[in-house]
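Peer 1: Sequence first, predicted coordinates after that:
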Amino acid sequence: MIPGLNVARELQQRYPQAVMQFLGSGRPQEEGLVASAGFQHYALSSESLATARRRPWQFLWRNWRAVRQARALFQDQKPTAVIGLGGFASVPPVVAARRMGIPTVLLEQNIIPGRATRWLCRRAGAVCVSYAASAEHLPAGVKVEQTGNPVHPDIAALVASSHTDQRRILLILGGSQGASAVNRAVTMAADILQDQLTGWTIMHQTGINDWREVEHEYQRLGLEHTTSPFFSDMPQRYADAGLAVSRAGATTLAELACAGCPTIAIPYPYAADDHQRLNAREFVTAGAAKIVEQQSTLDQTAELLAKQISRLLADDARRLEMRHAMHSLARPLAARDVADIICRTVDDSLKR
Ligand SMILES: CC(=O)N[C@H]1[C@@H](OP(=O)(O)OP(=O)(O)OC[C@H]2O[C@@H](n3ccc(=O)[nH]c3=O)[C@H](O)[C@@H]2O)O[C@H](CO)[C@@H](O)[C@@H]1O
């Protein structure tokens, strides 16, 4: 969703008269994000794959209805192009667009393309990916373009920020929902590292459920900290951070790259195709991040995490090297490049 918003911002700047509409499955958080970016949102009756196993008829019926809804909307609005953002809710509108001859482009952030991308890619005008390796997981003949993941312009601008590193903020991120296992592992690691963390401020995004508990824990430990269920000013948070501990969601990693923020990634172990671990590995290979695997017990995860944090806190030079490596992975012009590809796809379809 967030990369899609950034592409819409770029297109809106180029074509101020154009109308950008987002079609989703009606999740309130998604609708809120779209509305606060100033775009229109329509909810279709699409249903995710999670339903397919439990209630297959409901899955088929609701998605069939969603295709019909998208079709009716497109007949009325006559869109120039339809862009699939990778989630399952993108399948019905892209299917409807294809049937109506409307040009389509897909965005895929994860190194292993998700099912929606794998299903839709053959007839898409182009698939814009974050990682070069994604092409290996798509059928031959699909037009794959490595654009990087379109991040917010204020985050993209962080690439130009200075490379000297006096920052003493440890940023903890759990992805858009927050991550309970990360919250617990980090607070337990903070307990182990209490002395070493003196002089550092912990900036922790907890998600809604754990906020009180995490806040209470830092107060008990007497550590400098700010906690919030969700930060609405991420560009500033990234700009201030000297080290991050984070889930390995594709967008967060792309943003950390622009910020040049050395990162300890704790991949979500149950992600489809284990894509978070694979996303993070690309960063480890480049020397920009470390991985701490989530273990079967929290104690073990916390212990490994504490060791890794401790090493990096003690090694300013290593963090600076990681900062350079992170910046080398940044794709601050991704939104522009995706917008170019969309425009080219539309032009090509008009010539046919
Ligand atoms: C658990 C899970 O399956 N997560 C998937 C989900 O990630 P999810 O959407 O949870 O996380 P992402 O890393 O993709 O994006 C999180 C976004 O939320 C923003 N943010 C985060 C914290 C905060 O306090 N404020 C804030 O604004 C970040 O700046 C970022 O833009 O989709 C990604 C693809 O896009 C996948 O790679 C992830 O595996």
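Peer 2: Thanks, I have the structure now. Residues are numbered from 1 along each chain as shown.
Peer 1: residues contacting the residue found closest to Glu224 once you drop the neighbours it is linked to in the chain?
Peer 2: Once flanking residues are discounted, Glu224 sits nearest to Thr201: 4.2 Å by CB to CB, 6 or more residues apart in numbering. Just so you know, the C-beta spots here come from the backbone N, C-alpha and C atoms, and that holds for glycine as well. Under the criterion of CB atoms under 8 Å, 6 or more residues apart in numbering, the neighbours of Thr201 are 168-170, 224-226.
Peer 1: And these, which of them are buried?
Peer 2: 169-170, 225 (16 or more other CB atoms under 10 Å).
Peer 1: Please say whether there is contact between the lowest-mean-pLDDT helix or strand in the chain and the ligand.
Peer 2: Across the helices and strands of the chain, mean confidence by mean pLDDT, DSSP states H and E is lowest for helix 49-54: a mean of 85. No: Helix 49-54 does not reach the ligand (CB under 6 Å from any ligand atom); its nearest approach is 11.7 Å.
Peer 1: Enumerate the residues of the stretch 1-150 of the chain near the ligand.
Peer 2: So the stretch 1-150 of the chain meets the ligand at 2, 109-110 (CB under 6 Å from any ligand atom).
Peer 1: Just those residues: which are in strands?
Peer 2: Applying DSSP state E to these, no entry is found in strands.
Peer 1: Check those for the minimum pLDDT and say which it is.
Peer 2: Among those, Ile2 carries the lowest pLDDT, at 90.
Peer 1: Next up, the contacts around that residue.
Peer 2: Per CB under 8 Å, 6+ apart, neighbours of Ile2: 33, 151-152, 251.
Peer 1: can you pull the contacts of Leu73?
Peer 2: So Leu73 contacts 23, 42 (CB under 8 Å, 6+ apart).
Peer 1: picking up where we left off before, restricted to helices, list the contacts of Ile2.
Peer 2: 33, 251 (DSSP state H).
Peer 1: With distance to Met326 added, can I get the contacts of Ile2 in a markdown table?
Peer 2: Compiled in a markdown table, these are given as follows (distance: CB to CB, whole Å):
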| residue | distance to Met326 |
| --- | --- |
| Leu33 | 25 |
| Val151 | 13 |
| His152 | 17 |
| Thr251 | 15 |
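Peer 1: Widest-spaced pair of the contacts of Ile2?
Peer 2: Leu33 and Val151 (14.3 Å; CB to CB).
Peer 1: Settle it for me: which of the two has more neighbours?
Peer 2: Val151 (30 against 19; other CB atoms under 10 Å).
Peer 1: ok, so what distance separates that one from Tyr131?
Peer 2: 15 Å (CB to CB, to the nearest Å).
Peer 1: Next: Pro16.
Peer 2: 33 Å.
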